[in-house]
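Q: Kindly return the folded structure for what I paste below:
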Amino acid sequence: MTKPIYIGIDLGTSGCRAIAIDAQQQMIGEAQVELPAPLRQGARIEQEPSLWWAAVCQCLEQLGTQINTRQVAAIAVDGTSGTLLLTDAQGAPLGPALMYNDARATAEALRLASIAPEDSAAHGPSCALAKLLWLQQHAPGFARAAHACHQADWIAARLGGRVGVSDFNNALKLGFDARQNAWPDWLNELGLPANLFPEVVAPGTPIGTLAKENARLFGLPQTTRIVAGTTDSTASFLATGARKVGEAVTALGSTLVVKVISEQAVFAPKYGVYSQPLMIDGEMRWLVGGASNSGGNVLRHYFSLEQLAQMTPRLQPDTPTGLDYYPLTSPGERFPINDPQLEPRLEPRPDDDVVFFQAMLEGIARIEARAYRLLAELGAPYPMSVRSTGGGAQNAAWTIMREAMLQTDMLPARHSEAAFGAALLASTLKPARVSKEI
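A: Model prediction:
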């Protein structure tokens, strides 16, 4: 018997990455293709879906030189959350995609604010539902639209999955209620055609097999299953290896993002706390988390990457500075403190830049600890362990500071690439869990 291979495809902001893993979930192939920058015009940020497909094709062709393509058993795709396009009944795009950070739908977001419940993810001009309302009024081809598709949905359908199918995670910003496993009744107040809303299934649910022309193109078996994907952030979480209730992941990137696996959903819009459904071994769990405005962007505001690298070996994590900083680049915080007027606290500044750098790291670590305490107060478990991703995850001295403040185990992330998380999703197929129609 041939040993199966599973492929995960990640469509990110700047490129497409594909990773192949074997039955033991070990990476055996990797490919990456850059994407042209989206077209920007003020708040409008668009990209042609054909660019995504071309990048996917190139990645699969690259992978084909590294693996035995006849062993590929399943493919899963993750994409940027909130990116939306309209297609006809056959899945052909009716215009460019409105990207995840497109913020043109301000009037539509105000309308949603008065209709959508506070705990819905369908808030703000960048959510998929606000974009769909904007397209209803402004897209020339709206009358011919048969499906509203997210980025991962459309690529999965293009590979051979069914058009008009999405997953729990991508559908949240279109208004889907994952707790009720249904499109909520309040969507009827918006006057949108019901047929545009996709059928929603659990990530990892088989939704088709590879189209015949794609099987020939990539040299893959036509029996290769296409499974429902997820968002890039959820795929990144899965890649770390966190799977149990109480396991958490902190993203130490430009901003500080914390997430912990919980048995129950927690929503606290006041603090920017949200929950995303997470299927683990066929069981519904929740990723509860929030994002602070603090993070690596503050460090890079004061120092170059070269300076940070030079200072890092001189940090003294076992000797706290005693400085009580709240690092921000400008006034305003959303989580774990909800205060749009909160002033940065970075004084007094010591003469020694290394001490200043360490004090900022300590301040961000305190924010992380406060964030996890707040999640626990709201009903999520306090972390039994924390894995880290992002550039800051490589700073061993910072990890020591964070461990002291969190008082929990700090574990290495198994992998940091969302494509690896998508490949794991492809390797652990879930039973179908189909949403109720709108």
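
Q: Could you report the distance from residue 104 to residue 98?
A: Using CB to CB, to the nearest Å, residue 104 is found at 8 Å from residue 98. Just so you know, the C-beta spots here come from the backbone N, C-alpha and C atoms, and that holds for glycine as well.

Q: ok, the two, which is more surrounded?
A: residue 98 (28 against 20; other CB atoms under 10 Å).

Q: Spatially nearest residue to the more buried one (excluding sequence neighbours)?
A: Excluding its sequence neighbours, the residue lying closest to residue 98 (CB to CB, 6 or more residues apart in numbering) is residue 131, at 4.6 Å.

Q: Just the CA coordinates for the helix or strand harbouring the one you found, please, in PDB.
A: Using DSSP states H and E, the element containing residue 131 is helix 128-138. C-alpha atoms of helix 128-138 as PDB (Å, rounded to 0.1, in the frame of the first residue of the first chain):
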ATOM      1  CA  ALA A 128     -17.100  40.100   4.900                       C
ATOM      2  CA  LEU A 129     -20.700  41.000   5.500                       C
ATOM      3  CA  ALA A 130     -20.100  44.700   5.200                       C
ATOM      4  CA  LYS A 131     -18.300  44.100   2.000                       C
ATOM      5  CA  LEU A 132     -21.200  42.000   0.600                       C
ATOM      6  CA  LEU A 133     -23.600  44.900   1.400                       C
ATOM      7  CA  TRP A 134     -21.300  47.300  -0.400                       C
ATOM      8  CA  LEU A 135     -21.200  45.000  -3.400                       C
ATOM      9  CA  GLN A 136     -25.000  44.800  -3.500                       C
ATOM     10  CA  GLN A 137     -25.100  48.500  -4.100                       C
ATOM     11  CA  HIS A 138     -22.000  49.000  -6.200                       C
END
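
Q: Could you name the helices and strands sitting against that helix?
A: Packing partners of helix 128-138 (3 or more CB pairs under 8 Å, 6 or more residues apart in numbering; DSSP states H and E): strand 84-87, strand 97-98, helix 106-113, strand 147-150.

Q: mind putting these in TSV, distance to residue 197 and mean pLDDT included?
A: Output for those, formatted as TSV (distance: least, CB to CB, whole Å; pLDDT from 0 to 100):
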stretch	distance to residue 197	mean pLDDT
strand 84-87	12	98
strand 97-98	17	98
helix 106-113	15	96
strand 147-150	7	98
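
Q: looking at these, which is closest to residue 390?
A: With CB to CB as the measure, strand 147-150 is the member of the helices and strands packed on helix 128-138 nearest residue 390 (24.1 Å).

Q: Flag the shaky bits of the stretch 301-438 of the chain, pLDDT-wise.
A: Residue ranges of the stretch 301-438 of the chain with pLDDT under 70: 429-438.
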